[in-house]
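S.K.: predicted model and sequence follow; I will ask about them next.
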Amino acid sequence: MKTKLKLSLLDHINYPADLRKMRVSQLPQVCEELRSFIIDTVSLNGGHFGASLGTVELTTALHYVMNTPYDQLIWDVGHQAYGHKILTGRKPFFDTNRKHKGISGFPRRDESEYDTFGTGHSSTSISAALGMALAAKQKGEHDKQHVAVIGDGAMTAGLAFEALNHAGIAGTNLIVILNDNCMSIDPNVGALKEYLTHLTLSKAYNKIRRKVGNTLNKIPVVGEFSKDVLNHAKAGLKSAFAEQANFFEALNMRYFGPVDGHDVIKLTAILADLKQIPGPKLLHVMTTKGKGFLPAEEEKTLWHFPGLFDKVTGEIHKKASTTLQPPKYQDVFGHTIIELAELNDKIVGITPAMLSGSSLKFMMEKMPHRTFDVGICEQHAVTLSAGMATQGLKVFCNIYSSFMQRGYDQMIHDVVLQKLPVIFCLDRGGLVGEDGPTHHGIYDIAYSRCLPGVIISSPMNESELRNLMYTAQLDKTDQPFIVRYPRGRGVMPEWRKPFEEIEIGKGRIIREGADIAILSFGHPGNFANDACLDLEKEGIYSGLFDMRFVKPLDKDLLHHVFQNYTHIITVEDGCKVGGFGTAVAEFRTEYKYQADLQILGVPDQIVEHGKVEELYRECMYDKEGIMYTVRASKASIMSLRKEVLTARF
């Protein structure tokens, strides 16, 4: 391990203009200090780690050569952009990264003029950069450069290919840098990964390509006819002599590379040359995720987001606990699908590049022939699931709630309209914490509730998650079935219970009360339960009802509640507009009930990043927020009764 350096150069760099005052020969030391700064800060404060270590040299070279922020630099996703943030004015407060009220872990336009495009989901950089380049062309800014830095994992998404297809004919100054480290969070999969590996190893191809190019460039050109002949000759010779066709050049993207992404001096020279070449270009850069920190180089998935760690020993700090901890919901899913698959040979699992994040890795290890990681391709994951469902398979399509937004059309067109019983397990449903607004899974209830024939459920605890998964794979329905659950731990240390079928569209009574009823959907029911227990000590007895389903609603249970309670509070870990509370409000209107109704959930605003407990508190649906609302309702009831008594007597 490297010991902490005296930041003799980095101390004097606050913005890229300061970096450009350095000599090229000083850049390796800048990179060493920048890498140490990232290690020091993330080890103490947490954050994404390996990706940014791998782009230190590339980041330094880009800001040294490009005239940022005039030249537009777009970082795909943003996991790889910590060095960029440090070099662009945020070094003094980088220790607030991902903290409540601190700087974001991803590039954001409202945070810095150097963050030219907000990123959080992958594969958007080429489209955004091309849009900027076309706008510059319209405005006559012909000297302006536009650079998209995209990881090879992100390159698998359809959006990236759509953008490349357009870029090849757009005639703009666009540089696409393919940061090839063979990783997204888990190792990359698919034919593109194999192609890039072959391309980087094909020394014969690259040698012949250079020789062909040099030879053709020496041929004298006279007149338009000769130019046409030369162009045809170039195409023909490349086809005849190259070991293989280059995919990117087939899309009219001039290809350069592969080059060593950790040689900062060479990178600056190459980027300076690329600035002088007009049109769309792709630079293939080879990097190592976790570069410069041996544990991160060896365990790339683990060190994508390691938490706090000892920078000297490489030991990741784990919270000590003397009691048995409840499991994470994702792990309950991961182990439960294996149990179900052992009982039902029609079950398969699909995820778009989230084997570890969703815990489908357990099934991949045990049943690789029935588990499919399709790469960062949510749209494909959904339609692939639909195709399998037509053949009678029971498909568990496991996608983060916020990523499911990218496959919404496929959900409607390929699943819902065809009434296919795909089981969508939406992980990270609700507020997710430090990743912030790009990753909060707060819209899925609203955007799926409007779809005809879709079953939408959410468990209050681990046992309910198991039973909802069990129910979904039974041959009881031919409808799409959504099970959404939050990031983080549940509430049941002893969670492995025998499977029980849950009647679709039926909730359960946790406790009866007087005057005030709380209707909960999903995990926040636990906050409500704790609130009810504390409120009983104050003499306030609230009813609590775990609805389980937002579609179909348990109308019998709702009739019971509205007929017996004057004040009703709904609680959900999702947006209030169009969500579970809205569904209850629609029920109240349909049946002309007069009970007072208050909806607790995520307000109609962008919720920033922070610890999830801080965000629950901010949105007023943690235990204290529920208690506050119940007390206010109780005060309203008492005031109304006092007015009635006063009027009578």
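M.R.: Happy to help now that I have it.
S.K.: state the mean pLDDT of the longest helix anywhere in the chain.
M.R.: Selection of the longest helix in the chain by residue count, based on DSSP state H, yields helix 623-648. In this model, helix 623-648 has an average pLDDT of 83.
S.K.: please identify the buried residues of it?
M.R.: Residues of helix 623-648 classed as buried: 623, 625-627, 629-630, 633-634, 636-637 (neighbour count, 16 or more other C-beta atoms under 10 Å). From N, CA and C alone the C-beta is placed, and that goes for glycine too.
S.K.: which of those sits closest to Val264?
M.R.: Gly625 (50.0 Å; C-beta to C-beta).
S.K.: isn't the closest one right up against Glu613?
M.R.: No - assessed by C-beta atoms under 8 Å, Gly625 is found out of contact with Glu613, at 11.4 Å.
S.K.: tell me the one of the buried residues of helix 623-648 nearest Ser123?
M.R.: Ser123 lies nearest to Gly625 out of the buried residues of helix 623-648, by C-beta to C-beta, at 36.6 Å.
S.K.: ok, now how distant is the closest one from Ile540?
M.R.: 15 Å (C-beta to C-beta, to the nearest Å).
S.K.: what of Gly54?
M.R.: 55 Å.
S.K.: who has more neighbours, the two?
M.R.: Gly54 (30 against 19; other C-beta atoms under 10 Å).
S.K.: distance check, that one against Ile39.
M.R.: 13 Å.
S.K.: got it, and Leu282?
M.R.: 31 Å.
S.K.: looking at those two, which is more packed in?
M.R.: Neighbour count, other C-beta under 10 Å: between Leu282 and Ile39, Leu282 has more, with 25 against 21.
S.K.: rewinding a little: other SSEs contacting the longest helix of the chain?
M.R.: Packing partners of helix 623-648 (3 or more C-beta pairs under 8 Å, 6 or more residues apart in numbering; DSSP states H and E): strand 515-521, helix 524-536, strand 565-575, strand 596-602, helix 612-619.
S.K.: Leu308 is nearest to which of those?
M.R.: helix 612-619 (17.1 Å).
S.K.: distance between the closest one and the chain's centre?
M.R.: Relative to its chain's centre, helix 612-619 lies at 20 Å (C-alpha atoms, centre = their mean, to the nearest Å).
S.K.: likewise stretch 77-90?
M.R.: 18 Å.
S.K.: end-to-end on that stretch?
M.R.: Taking C-alpha to C-alpha, to the nearest Å, stretch 77-90 runs 18 Å from one end to the other.
S.K.: on that earlier part again, Lys311: which of the buried residues of helix 623-648 is nearest?
M.R.: So of the buried residues of helix 623-648, ranked by how close each gets to Lys311 (C-beta to C-beta), first place is Lys623, at 36.7 Å.
S.K.: which stretches of the protein aren't confidently modelled?
M.R.: 1-7, 183-191, 193-194, 197-245, 320-322, 641, 643-649 (pLDDT under 70).
S.K.: okay, domains of it per the record?
M.R.: 10-186+254-304, 329-484, 508-648 (automatic domain parsing).
S.K.: got the ones you listed as JSON lines, with distance to Tyr195 columns?
M.R.: Listed next are those as JSON lines, based on distance: least, C-beta to C-beta, whole Å:
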{"stretch": "domain 10-186+254-304", "distance to Tyr195": "10"}
{"stretch": "domain 329-484", "distance to Tyr195": "13"}
{"stretch": "domain 508-648", "distance to Tyr195": "36"}
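S.K.: partners of the nearest residue to Ile455 once chain neighbours are set aside in the sheet?
M.R.: With sequence-adjacent residues excluded and distances taken as C-beta to C-beta, 6 or more residues apart in numbering, Ile455 is closest to Phe481, at 4.6 Å. Beta bridges link Phe481 to Ile423, Ile455 when assigned by DSSP bridges.
S.K.: list the contacts of Phe481.
M.R.: Phe481 makes contact with 421-424, 454-455, 457, 472, according to C-beta atoms under 8 Å, 6 or more residues apart in numbering.
S.K.: repeat that for Cys619.
M.R.: Shown in contact with Cys619 (C-beta under 8 Å, 6+ apart): 431, 600-603, 607, 625.
S.K.: follow-up on the earlier one: just send the contacts of Phe481 back as CSV, with neighbour count and distance to Arg548 too.
M.R.: Below are the contacts of Phe481 laid out as CSV (neighbours: other C-beta atoms under 10 Å; distance: C-beta to C-beta, whole Å):
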residue, neighbour count, distance to Arg548
Pro421, 20, 19
Val422, 27, 20
Ile423, 24, 16
Phe424, 27, 16
Val454, 20, 15
Ile455, 23, 11
Ser457, 26, 6
Ala472, 26, 13
